[in-house]
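1. Next come a sequence and a model predicted from it.
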Amino acid sequence: MKKISKTVLAFLIFGYAFLYVPIVLLMVNSFSASEIPGIWTTFSFKWFYKVLEDEDILYAAITSLEIASISATGAVCLGILSATATKNPGKFRGKKFLDSVIIMPVVMPEIILGFSLLMLFMAAESLLGLPKERGLMTVAIGHIMASVAYVHMTVRTRMMSLDSSLEEAALSLGAKPFTVFTQIKVPIIAKSILAGWLLAFTLSLDDLVIASFLSGPGSTTLPILIFSNVRIGVTPMINAFATIFIVLIALCIFLAFLITSKKKNSQKEQVTNQN
Amino acid sequence: MSKNILILSLFLLLTITLSLKKSCTDNVVNIYGWYGIINREILNGFEKETGIKVVYDVYDNNDTLEAKLLATNSGYDIIFPSFIPYAARQQKMGVYSKLNKNLVSNLHNIDGIITEKYVFAGGNLDYLLPIFWGTTGIAYNESVVSSIFSGEEIDSYDILLDPEKIKKIAKYGVSFPEEYIDIFPQTEAFLGIGRHKDVNNIAKYLEFFKKIRKYIKKFSSSTMIHDLISGEIAIAIGSSDNAWRAMKSGKNVGKNIIYTIPQNYGVIWIDCVGIPQKAPHKKNACKFLEYILRPEIAAKITNSSGILVNIPTASKFFCEEIRKNRHIFPTGHDFLDSLMIGSPSKNMYEIQYDKAATRTWSQIKMNRFAHDGDGAAK
């Protein structure tokens, strides 16, 4: 292995520090007994107990997870469809147009997305009487709209590198297009679907702007709660909560890493066997 | 590959289990309020007593609330808008429904001089009740301020508006309010240019703030508590309930925060409670209103948040720290009478003033004095 030069090492350290020092500081502060985040007094778990006792935070967290999973699943379904539609060699007039339009939300400011959806829901309510009131579903719809683009992009990129001969072989052997899709395509692009799902999930989890436009009774999400909390002074409870969240996410990533690395090994074995 | 599908289906399963409706009943009341005003204990008490489930959502500023209200059906049953200028103009738009006096038997608990002031400023008791109030004043870190102005009593806005005085304290951090409405009236009084909403005065403000702008560290009403405790600022203009919270948490870290209503210009603010026109559960809303208007329950709100309830009979249940601090809880008819309350703009001239003031204040905040005159005079 090559030795790393000192400048590269310095950049490396700086880069990692830039990324992780704030998070570490946040986690360290969650163990402080002080009332104010950022001031260290003595070590204590009291803020962790407080988080677990605080119904509002837990309720908001569940609401957030709920909205995030609904919108991620919705975005994945739509994203796969749009990616398939724009990638397929079949004749379809607005293909290029759809491809560029669907990624528009990426460049559009969230506040415009949120406001335009609010207008849409208002118009729909006066015309159709639906949705009766804003709540979980309207926020989820907003998040789906914002994250479809990301799913579309990840899935489409994977589809581009798909070997079309596999598909053609299956078709020539008499498989119906739907069977080809579920038996051939989906298993191959599964990883990108998963990545898209997680991306959409994260986007929804930390969105404040769209949610505050579209939320209704019973749909206060975690970001809204934390943001409103700032007014009366943030307590280290938020730090403690963030710490719990980070640990959970780190565990998930670790698990995902375990699963994928095992798979890589088995793939390699397959390849060597074939050779 | 089957593993990938397995993971995918796991995620789908997660979605389905999470989206299964939580036990959903129609017997709810949807409340939309500030974070931390009415705490869980009070809400749980109501749930236990009536069996009505409380859904409590929070907002971080009045503009969010207004956007929700004006966008047809918000779905909320009880909301707490600030009186000036929000509730005053919302009421004119017909957003609120008339309070049913038969269903809320203790409406008369709201009484006294604050209510008089509310009516005088144009409030309508048939639609919105002035339930919470407080004052705007100066909160400061006692040890820092007394080390600079030893022996002087801090009881007027001079300390912040007199260029000579603010200069001395500037390096410890000075915070001004976010909105012009919390500072222009005081400036008017300080400069002695009358209290009318006069567009011609605005150029004078700009000229004046040019002198002291460099001593102001930040313009924020929302982060005052944290900034005072962490030592980022030493003195701030802010509301009494925030100051009370700062005093409370200051005690835990050994900082003595003091709040004072300046003699020369004390200002009262009022938060209302109302039921929106399209509220889906109006009867439950009335029950909740009846519940929080009881003196002993109302006092709990004050004791936990520092915001004062406008129910004279509740004051005997206030905790000692609040009852005995005459700046946090001002008493006495004459003193209360001397406090100012803003009034909504009535004519085009005053509305013009509001617009010009907003523009000028953001100009001051951004420290852009280059095109004064031009921007302010319009």
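-> In hand now; what should we look at?
2. so where is chain A shaky, pLDDT-wise?
-> For chain A, residues meeting the criterion pLDDT under 70 lie at A:1-2, A:89-91, A:233, A:262-275.
3. buried stuff in stretch A:174-193?
-> When neighbours are counted by 16 or more other Cβ atoms under 10 Å in any protein chain shown, the buried residues of stretch A:174-193 are found to be A:Ala175, A:Val180, A:Ile184, A:Lys185, A:Val186, A:Ile188, A:Ile189, A:Ala190, A:Lys191, A:Ser192, A:Ile193. All C-beta spots, glycine's among them, are computed from the backbone N, C-alpha and C.
4. Among the residues you listed, which one lies nearest to chain B?
-> Distance to chain B, by Cβ to the nearest Cβ, is smallest for A:Ala190 among the buried residues of stretch A:174-193, at 3.5 Å.
5. need the next SSE after the helix or strand where the closest one lies, C-terminal direction.
-> Counting by DSSP states H and E, the element that carries A:Ala190 is helix A:186-205. Using DSSP H and E, the helix or strand that directly follows helix A:186-205 along the chain is helix A:209-214.
6. and the helix holding A:Ala190, how far out from the chain's middle?
-> 8 Å (Cα atoms, centre = their mean, to the nearest Å).
7. right, is it up against chain B?
-> Yes - judged by Cβ under 8 Å from any Cβ of the partner chain, helix A:186-205 and chain B are in contact via A:Val186, A:Pro187, A:Ile188, A:Ala190, A:Lys191, A:Ile193, A:Leu194, A:Trp197.
8. what's in contact with stretch B:321-328?
-> For stretch B:321-328, the external contacting residues (Cβ atoms under 8 Å, 6 or more residues apart in numbering or on different chains) are B:135, B:137, B:240, B:243-244, B:247, B:259-261, B:302-303, B:306, B:308, B:315, B:329.
9. Write out the residues of the stretch 101-250 of chain A neighbouring chain B.
-> With Cβ under 8 Å from any Cβ as the criterion, the stretch 101-250 of chain A meets chain B at residues A:118, A:122, A:125-126, A:132-135, A:186-188, A:190-191, A:193-194, A:197, A:212-213, A:215-220, A:224-225, A:227-234.
10. Most neighbours of all the contacts of stretch B:321-328, which one?
-> The most crowded member of these, judged by other Cβ atoms under 10 Å in any protein chain shown, is B:Ala243 (30 neighbours).
11. before we move on, back to that, now, which of the contacts of stretch B:321-328 lie within strands?
-> Counted as lying in strands by DSSP state E, out of the contacts of stretch B:321-328, are B:Thr135, B:Gly137, B:Tyr259, B:Thr260, B:Leu308.
12. farthest-separated two in those?
-> When Cβ to Cβ is used, the two most widely separated members of the ones in strands among the contacts of stretch B:321-328 are B:Thr260 and B:Leu308, lying 16.1 Å apart.
13. circling back to that earlier point, show me what the helix holding A:Ala190 is packed up against.
-> Of the remaining helices and strands, those touching helix A:186-205 by 3 or more Cβ pairs under 8 Å, 6 or more residues apart in numbering or on different chains; DSSP states H and E are helix A:55-87, helix A:136-160, helix B:2-19.
14. and B:Ile79, what pLDDT?
-> What the model reports as pLDDT for B:Ile79 is 93.
15. Quick check: it touching B:Asn62?
-> No - assessed by Cβ atoms under 8 Å, B:Ile79 is found out of contact with B:Asn62, at 10.3 Å.
16. residue in the stretch 101-250 of chain B nearest to chain A?
-> Nearest residue of the stretch 101-250 of chain B to chain A: B:Ile225, at 3.5 Å (Cβ to the nearest Cβ).
17. in a helix, that's where that residue is, yeah?
-> Yes - applying DSSP: H, G, I helix; E, B strand; the rest coil, one finds B:Ile225 inside a helix.
18. So what's the predicted local confidence for it?
-> 87.
19. quick one, what contacts B:Val144?
-> By Cβ under 8 Å, 6+ apart, the contact set of B:Val144 is B:Ile169, B:Tyr172, B:Ala234, B:Ile235.
20. If we use 10 Å, what do you get?
-> B:Val144 is in contact with B:Ile169, B:Tyr172, B:Gly173, B:Gly231, B:Ile233, B:Ala234, B:Ile235, B:Lys255, B:Asn256, counting by Cβ atoms under 10 Å, 6 or more residues apart in numbering or on different chains.
21. Please identify which helix or strand holds it.
-> helix B:142-148.
22. just B:Tyr32 next, same as before
-> Take DSSP H and E as the rule and B:Tyr32 turns out to sit in strand B:28-34.
23. Strands of chain B, residue ranges please.
-> All strands of chain B, identified by DSSP E, fall at B:28-34, B:53-59, B:78-79, B:129-141, B:174-176, B:218-219, B:235-239, B:257-260, B:267-273, B:308-309, B:340-341.
24. Okay, now the sheet partners of the longest one, with direction.
-> Meaning strand B:129-141. strand B:235-239 (antiparallel), strand B:257-260 (antiparallel), strand B:267-273 (antiparallel), strand B:308-309 (antiparallel) (DSSP bridges).
25. list the contacts for A:Ala240?
-> So A:Ala240 contacts A:26-27, A:29-32, A:37, A:45-52, A:57 (Cβ under 10 Å, 6+ apart).
26. ok, and of the residues you listed, which contact chain B?
-> Taking Cβ under 10 Å from any Cβ of the partner chain as the test, chain B is in contact with A:Pro37 out of these.
27. List only buried entries from the contacts of A:Ala240.
-> A:Leu26, A:Met27, A:Asn29, A:Ser30, A:Phe31, A:Ser32, A:Pro37, A:Trp47, A:Phe48, A:Val51, A:Ile57.
28. quick one: which of those is nearest chain B?
-> Out of the buried ones among the contacts of A:Ala240, the one with the shortest distance to chain B is A:Pro37. That distance is 8.0 Å, counting by Cβ to the nearest Cβ.
29. that older thread, please list the members of the contacts of A:Ala240 that lie in helices.
-> Taking DSSP state H as the definition of helices, these contribute A:Leu26, A:Met27, A:Asn29, A:Lys46, A:Trp47, A:Phe48, A:Tyr49, A:Lys50, A:Val51, A:Leu52, A:Ile57.
30. still on that earlier bit, now tabulate the residues of helix A:186-205 next to chain B in JSON lines and tack on distance to B:Gly274.
-> Formatted as JSON lines, the entries for the residues of helix A:186-205 next to chain B read as follows, by distance: Cβ to Cβ, whole Å:
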{"residue": "A:Val186", "distance to B:Gly274": "53"}
{"residue": "A:Pro187", "distance to B:Gly274": "57"}
{"residue": "A:Ile188", "distance to B:Gly274": "58"}
{"residue": "A:Ala190", "distance to B:Gly274": "53"}
{"residue": "A:Lys191", "distance to B:Gly274": "53"}
{"residue": "A:Ile193", "distance to B:Gly274": "48"}
{"residue": "A:Leu194", "distance to B:Gly274": "48"}
{"residue": "A:Trp197", "distance to B:Gly274": "43"}
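31. Pick out whichever of those residues sits closest to B:Ile202.
-> Comparing these against B:Ile202 with Cβ to Cβ picks out A:Trp197 as the nearest, at 54.2 Å.
32. All good on my end, thank you.
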